[in-house]
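[1] below: sequence and its predicted model.
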Amino acid sequence: MQYVAFYTFLGLVLCLFWNIIAVSIGSIKEAGVGIWFLAVIYFLLGVPGAYILWYRPLYRACGGFLSALYFMDHNAFVGILYFIGFGLFCAETLSSIWVIQKVYRYFRGTGKAAEAKRNAARGTAVAAIS
């Protein structure tokens, strides 16, 4: 699993680098550099950010699981504590996914997104008039 995660990280690096190439060519043809700066900033912040916020925690979580297996042979109590932590991490991940799905279904299924946009536009218009 760690290798697949690393390959997806490398895929992100490739995609962001390709984005810079494509936007560079588009900037040359259309003479616009604003979007090029955004592509470079996205690459410079996106690659380290993905490593720090996604790949490294995933790698450490998998390493914790392997540590738990190691400790099960040497000290069962510590191994059990590691497995409990791993289970809590898994439960937190699943509950986060469930909440994201519920929020998505709520806003997409009931038309609340359009209603929220109308309310925001109405509030902006009232604030502009006042």
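    Alright, I've got the coordinates.
[2] what about the helices in this structure?
    Along the chain, counting by DSSP state H, helices occupy 2-30, 34-50, 56-74, 76-109, 112-129.
[3] can you list the buried residues in the fourth one?
    Under the neighbour-count criterion of 16 or more other CB atoms under 10 Å, helix 76-109 has 79, 82-83, 86 buried. For every residue, glycine as well, the C-beta is placed using N, CA and C.
[4] for the first one, same thing?
    Buried residues in helix 2-30, counting neighbours by 16+ other CB under 10 Å, are found at 9, 12, 16, 19, 23, 27.
[5] need the max-distance pair from the residues you listed.
    The largest distance within the buried residues of helix 2-30, taken as CB to CB, falls between 9 and 27 and amounts to 26.9 Å.
[6] give me the pLDDT for the nearest residue to residue 86 once chain neighbours are set aside.
    Closest residue to residue 86 apart from its sequence neighbours, by CB to CB, 6 or more residues apart in numbering: residue 65 at 5.4 Å. On the pLDDT scale, residue 65 is placed at 73.
[7] next, count neighbours for residue 65.
    17 (other CB atoms under 10 Å).
[8] for residue 118, see how far away the spatially most central residue of the chain is.
    Central residue of the chain (CA atoms, centre = their mean): residue 54, 6.7 Å from the mean position. According to CB to CB, to the nearest Å, residue 54 stands 35 Å off from residue 118.
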